[in-house]
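Visitor: model the following, please.
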Amino acid sequence: MDVFQDLLNYYGQNAWYVWEQFYKQFLMSAYGVLFGAIVGIPIGIFIAHHNRLSPWVISLANIIQTIPALAMLAVLMLVMGLGPNTVVFALFLYSLLPIIKNTYTGIRNVDPAMLES
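Guide: Numbers count the residues shown, from 1 in each chain. So this is what the prediction gives:
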């Protein structure tokens, strides 16, 4: 019970700081996924219409997805430096596969009768 009381005491004294850090982390995540959607949805639509490109693009996105997060951040820090842009770019890269794959699958599975109407 003493740990719980200490936790409440900490949040009571540092509520504004904790909220500020939460807000920064939320924005970095939102920007990474938003940029991923801005790039990934058009790519998914494009490869759905050009079916021969889909294995190549999805394979490339799969390769990016298999890189461990710590290794990705280490390499990106060497190139981009330390800061929020590095985190946003890493989240952007990791969000590409699900966005591209789901957009591609969604477009390919539309009923042909719906497309004609």
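
Visitor: longest helix in the protein, by number of residues?
Guide: Scanning the chain for the longest helix, with DSSP state H as the assignment, gives helix 15-49.

Visitor: how about that helix: buried residues?
Guide: 28, 31-33, 35-37, 40-41, 43-44, 46-48 (16 or more other Cβ atoms under 10 Å). For glycine as for every other residue, the C-beta is placed from the backbone atoms N, C-alpha and C.

Visitor: wait, which of these is closest to Ser95?
Guide: Gly36 (3.3 Å; Cβ to Cβ).

Visitor: surely that closest one touches Lys101?
Guide: No - with contacts counted by Cβ atoms under 8 Å, Gly36 stays clear of Lys101, the gap being 12.0 Å.

Visitor: helices or strands up against the helix or strand harbouring Ser59?
Guide: Using DSSP states H and E, Ser59 sits in helix 54-66. In terms of contact count using 3 or more Cβ pairs under 8 Å, 6 or more residues apart in numbering; DSSP states H and E, helix 54-66 is assigned the packing partners helix 15-49, helix 84-108.

Visitor: present these as a markdown table; the columns should include mean pLDDT and distance to Asp2.
Guide: Output for the helices and strands packed on helix 54-66, formatted as a markdown table (pLDDT from 0 to 100; distance: least, Cβ to Cβ, whole Å):
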| stretch | mean pLDDT | distance to Asp2 |
| --- | --- | --- |
| helix 15-49 | 95 | 20 |
| helix 84-108 | 94 | 35 |
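
Visitor: out of these, nearest to Met1?
Guide: Short answer: helix 15-49, nearest of the helices and strands packed on helix 54-66 by Cβ to Cβ, at 21.2 Å.

Visitor: check the offset of the closest one from the chain's centre.
Guide: 6 Å (Cα atoms, centre = their mean, to the nearest Å).

Visitor: need the helices and strands packed on helix 54-66 in CSV (columns: distance to Phe4).
Guide: Formatted as CSV, the helices and strands packed on helix 54-66 follow (distance: least, Cβ to Cβ, whole Å):
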stretch, distance to Phe4
helix 15-49, 16
helix 84-108, 31
